[in-house]
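In: Sequence first, predicted coordinates after that:
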Amino acid sequence: MPFYSVIDNRTPAGRRTAEGLLRLKKALDSTVPAKTLDQTLLLASWNIREFGGTKSDGRDKEALFYLAEIISRFDLIAVQEVRDDLDALDGLMGILGGWWKFLVSDVTLGVQGNSERHAYIYDTRKLSFGGLAGELVPPMKKDGDTLVSDFAFSRTPYLAGFRAGWFKFTICTQHLYYGDAKPDDPQRQKEAEVVVKLLKARMKSKDRWANNAVLLGDFNVFTTNDATFKAIEKADFEIPAGLKGKYTNANLDKPFDQMAFLAPDVKSQVSVAKAGVFPFFDQVYRHDDQATYLPDKDAKTYREWRTYKMSDHLPIWVELEVDFGADYLKRKAKPPVP
C-alpha cells in the first residue's frame with residue numbers, strides 16, 4: 001500500500017490526486033488479482049517512458065503517486081527506460097514504502113542506448129533476492145591479441161535471480177532495438193535471437209542459478225507474426241495466452257511488450273495463467289482532463305504530454321502459483337523408485 005499521508009487535500013492538485021487514486025484502485029481491484037502471502041506471484045513488466053527524464057517537466061508528485069499505486073499491486077515488476085538520473089525512481093520508492101527494494105543496471109551508453117537503465121522493483125514480503133544480478137552479454141573471442149565480440153546489444157539485457165515461495169527463477173529484462181518503426185527490423189530480430197540463445201544456454205549450464213527463466217520487457221513487437229516474436233517462440237519460450245497478441249502501447253495498436261517463460265516448474269501454468277494489460281489512461285490523465293492540465297494546447301499535444309507523466313506503454317502482468325508444497329508432499333507420500 002503506497003503512502004498517502006503527504007497528499008495535501010488543501011490544494012486542488014492534492015484533491016485531484018486522491019480522486020485519481022480512487023479511480024485507479026477501483027479499476028485495479030477489478031482487473032488484477034489480489035496479492036497473497038505465499039500462494040501466488042504477481043509478475044509484471046512496464047516500459048515507463050523516459051523515467052527520470054525531463055521532457056514535459058518530468059514527473060511530479062501526482063504522477064509518481066499514480067505509478068506507485070499501479071506498481072504496488074504486483075510483487076515484482078521489471079521496468080525499462082529508466083534514465084541515468086535516479087531521482088524519480090527514488091521518489092517512487094519513497095511512496096511505496098520501506099518493504100520495497102530495487103535493483104538497477106548501469107546506463108547503456110552510445111546513440112542506440114539512449115542512456116537507459118533497466119530496473120527490478122520488488123516487494124520483499126514476497127520475494128528474496130538471490131544475489132545474482134548482471135548484464136547478459138555475448139561471449140568474447142580472441143582475434144590475435146585482442147578480445148572481440150561479433151555482436152553488441154543496443155541496450156544490454158539485465159538479469160537477476162529471485163525466489164518466491166517454492167519458485168526459484170532467473171529473470172531477464174530487455175528493451176529491444178526499435179529502429180525505423182518497421183515490423184521486421186534485422187537488428188531487432190538479431191537481438192531477439194541472441195538474447196534467447198544466451199538465456200537458454202544459461203539454463204542448460206551445470207552452473208545455472210535456477211532451472212527457470214523468465215524473459216520480459218519491451219520487445220518492440222509490431223505483430224505476433226513478425227520475425228522478433230517468432231524468434232522467441234522458436235526458442236521454446238512460452239508466452240501466456242492471456243498476453244499473446246494483446247496491445248500494450250498507449251495507442252492500443254501494437255503488442256510491443258511481451259513476457260516469455262522457459263520454466264519447467266511452472267510450465268503447466270503458463271498457457272492458462274491469469275494475465276493481462278492495464279489501461280491506466282481510463283482512470284488518470286483522461287481525455288476529458290485536458291482542460292485541467294493543458295487548457296491552451298490541442299488534443300494531440302496533450303496526448304503526447306501525458307505519456308511523459310505515465311507512459312506510452314501499458315504494464316503487462318501474469319499471476320503464477322508458487323506454493324508447490326502439496327505436490328512435493330504427494331511425491332514424498334509414495335515409496336521411492338528402486
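Out: Nice, thanks for sending it over.
In: use CA for all of it now, contacts and neighbours both
Out: OK.
In: Show the contacting residues for residue 128.
Out: Applying CA atoms under 8 Å, 6 or more residues apart in numbering, we find residue 128 in contact with 162-164.
In: run the last query once more with 6 Å
Out: Applying CA atoms under 6 Å, 6 or more residues apart in numbering, we find residue 128 in contact with 162-163.
In: which residues does it bridge with?
Out: Assessed by DSSP bridges, residue 128 has beta-bridge partners residue 163.
In: where do the strands sit along the stretch 51-200 of the chain?
Out: Under the criterion DSSP state E, counting those that start in this stretch, strands of the stretch 51-200 of the chain are mapped to 76-83, 100-104, 116-123, 128-135, 141-143, 146-148, 158-164, 167-175.
In: which stretch among the ones you listed comes nearest residue 14?
Out: Smallest distance to residue 14 across the strands of the stretch 51-200 of the chain (CA to CA): 24.1 Å, for strand 100-104.
In: Which helix or strand contains the most centrally placed residue in the chain?
Out: Among the residues of the chain, the one closest to the centroid is residue 45, at 1.7 Å (CA atoms, centre = their mean). Using DSSP states H and E, the element containing residue 45 is strand 40-51.
In: What helices and strands are in contact with that strand?
Out: Applying 3 or more CA pairs under 6 Å, 6 or more residues apart in numbering; DSSP states H and E, we find strand 40-51 packed against strand 76-83, strand 316-321.
In: right, so those strands: which one is the most enclosed?
Out: Neighbour counts (mean count of other CA atoms under 10 Å) averaged over each of the helices and strands packed on strand 40-51 peak at strand 76-83, with a mean of 25.
In: partner strands of it, parallel or antiparallel?
Out: strand 40-51 (parallel), strand 116-123 (antiparallel).
In: Dump these to a markdown table, plus mean pLDDT and distance to residue 266.
Out: Shown next, in a markdown table, are these (pLDDT from 0 to 100; distance: least, CA to CA, whole Å):
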| stretch | mean pLDDT | distance to residue 266 |
| --- | --- | --- |
| strand 40-51 | 97 | 11 |
| strand 116-123 | 96 | 20 |
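In: Residue 290 is nearest to which of those strands?
Out: Among the strands paired with strand 76-83, strand 40-51 sits nearest to residue 290 (CA to CA), with 19.7 Å.
In: Report the distance from the helix or strand where residue 290 lies to the chain centre.
Out: Assessed by DSSP H and E, residue 290 sits inside helix 290-293. Centroid separation for helix 290-293 versus its chain: 29 Å, with CA atoms, centre = their mean, to the nearest Å.
In: One more: stretch 141-151?
Out: On CA atoms, centre = their mean, the centre of stretch 141-151 falls 33 Å from the chain's centre.
In: which residues touch it?
Out: Residues from elsewhere that reach stretch 141-151 (CA under 6 Å, 6+ apart): residue 140.
In: what pLDDT, on average, does it get?
Out: The average pLDDT within stretch 141-151 is 73.
In: So for residue 55, which of the helices and strands packed on strand 40-51 sits nearest?
Out: strand 76-83 (11.8 Å).
In: ok now the closest one, how far from the chain's centre?
Out: With CA atoms, centre = their mean as the basis, the mean position of strand 76-83 lies at 6 Å from the chain mean.
In: Any chance you could list what contacts that strand?
Out: Here strand 76-83 has contacts from 43-47, 49-52, 116-122, using CA under 6 Å, 6+ apart.
In: low-scoring pLDDT stretches of the stretch 51-200 of the chain, where are they?
Out: Applying pLDDT under 70 to the stretch 51-200 of the chain flags residues 110-114, 148.
In: again, 80 this time
Out: Low-confidence segments of the stretch 51-200 of the chain (pLDDT under 80): 108-114, 139-151.
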